[in-house]
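Peer 1: generate a structure from the sequence data that follows.
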Amino acid sequence: TKHVIKNILWTTAKNFTVERGQEQIEELISTWDIHESWLHHSEFLEEEELKDSKRYHYRACWGIPTRRKPMPQATASVYFVIVMFKFKPDTAPVELFYRLESSRLIRRPEQCQFREKWLKDITENKIACTERL
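Peer 2: Numbering: from 1, shown residues only. Got it, this is the predicted structure:
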């Protein structure tokens, strides 16, 4: 069966703030089909000024705490970039891209359904690496 990709209405460049960007990332995350045992926190990292755009970088760090291990054995980060292109009017919506910490592949939420398996793969690989050491 084909998954319906859920997306949100992004704010316009004119109405964008760092806080609004983080709220919208949280709104996007809430559309992802991820088991409730995964907890995350998100944070703003930096603002970047380029010739053709302004970029706002955020990170969401995921883990599965348990009663026995309230600090997860491993975490997985998802990096988000909200972009405002200077050649577009300020009434145009901002654009969002994200990538997983273990990948250079840049994804767009409207083109690709987020998969919980990606978080599992990252944390399982980190745990396996730690056990080998």
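
Peer 1: and the strands in this structure?
Peer 2: 39-49, 53-63, 76-85, 95-100 (DSSP state E).

Peer 1: ok, and for stretch 75-84, which residues are buried?
Peer 2: 75-84 (16 or more other C-beta atoms under 10 Å). Where you see a C-beta, it was placed from the backbone N, CA and C, and this is true even at glycine.

Peer 1: what is the least confident helix or strand in the protein?
Peer 2: helix 116-132 (a mean of 91; mean pLDDT, DSSP states H and E).

Peer 1: that helix packs against which elements?
Peer 2: If contacts are counted by 3 or more C-beta pairs under 8 Å, 6 or more residues apart in numbering; DSSP states H and E, helix 116-132 sits against strand 53-63, strand 76-85.

Peer 1: from the chain's centroid, how far away is it?
Peer 2: Here helix 116-132 shows a centroid-to-chain-centroid distance of 18 Å under the convention C-alpha atoms, centre = their mean, to the nearest Å.

Peer 1: noted, bye for now.
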